[in-house]
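Student: any chance you can model this:
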Amino acid sequence: MAANHCGTCTLCCKLLAIGELEKPKGQWCTHCTPGSGCRIYENRPASCRDFACIWLESQKEAKPLPPALRPDKCKVVLSFSEDRKDVMGFCDPSSPDAWKEAPIFGLLEVIAQQGIRVMFGNGREHFAMDRGRARRVELSPADSKGVRIFVRFLD
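Tutor: As a prediction, this is how the structure comes out:
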């Protein structure tokens, strides 16, 4: 049996889209028991099997991110793009301002200071870190893969 290293965190099961299951972003996966885990964990789709948020990845490092930055605690799921040049953040729409809180906003600043592009949304608006502050952005309509790209800053 595969080990679930997420503990009781299941926020990615709500915030991320899962194409193989036709699950839209922002809705709980029908196979998830919030706070407990996936009922089809052994047979979950490849996109779920391959996904690891930044908090989970950090747990293998010498200096892992603290428990306060686990997605179910900070209400934000962060992940790298495939090329690892961008960090995408998904803020729980039920806590749309969670990204402004000290622990997660501080992490967003640190990531951006390392030259990594940081973009995130809260279910209503999208933001990008720019010179130490979060700025609202406009994104393109989703392409056939659901990917949206930066168009312009709105402020």
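
Student: switch to C-alpha atoms for all contacts and neighbour counts from now on
Tutor: Noted.

Student: list the contacts for V151?
Tutor: Listed by Cα atoms under 8 Å, 6 or more residues apart in numbering, the contact set of V151 reads V137, E138, L139, S140.

Student: quick one, phi psi at it?
Tutor: Taking degrees, to the nearest 10, you get phi -110, psi -50 for the backbone angles of V151.

Student: buried subset of the contacts of V151?
Tutor: V137, E138, L139 (16 or more other Cα atoms under 10 Å).

Student: closest one of the residues you listed to K145?
Tutor: Closest approach to K145 among the buried ones among the contacts of V151 (Cα to Cα): L139, at 14.6 Å.

Student: out of the contacts of V151, list just those in strands.
Tutor: V137, E138, L139 (DSSP state E).

Student: same list (those) but as a markdown table, adding distance to F150.
Tutor: Listed next are the ones in strands among the contacts of V151 as a markdown table, based on distance: Cα to Cα, whole Å:
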| residue | distance to F150 |
| --- | --- |
| V137 | 7 |
| E138 | 6 |
| L139 | 5 |
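
Student: can you redo those residues as CSV with pLDDT and distance to S81?
Tutor: Formatted as CSV, the ones in strands among the contacts of V151 follow (pLDDT from 0 to 100; distance: Cα to Cα, whole Å):
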residue, pLDDT, distance to S81
V137, 95, 18
E138, 94, 19
L139, 91, 16
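
Student: which one of the residues you listed is nearest C48?
Tutor: Distances from C48 to the ones in strands among the contacts of V151, taken by Cα to Cα, are shortest for L139, at 24.9 Å.

Student: so what's the closest one closest to, chain neighbours aside?
Tutor: Spatially, and ignoring its direct neighbours in sequence, L139 is nearest to F150 (4.7 Å; Cα to Cα, 6 or more residues apart in numbering).
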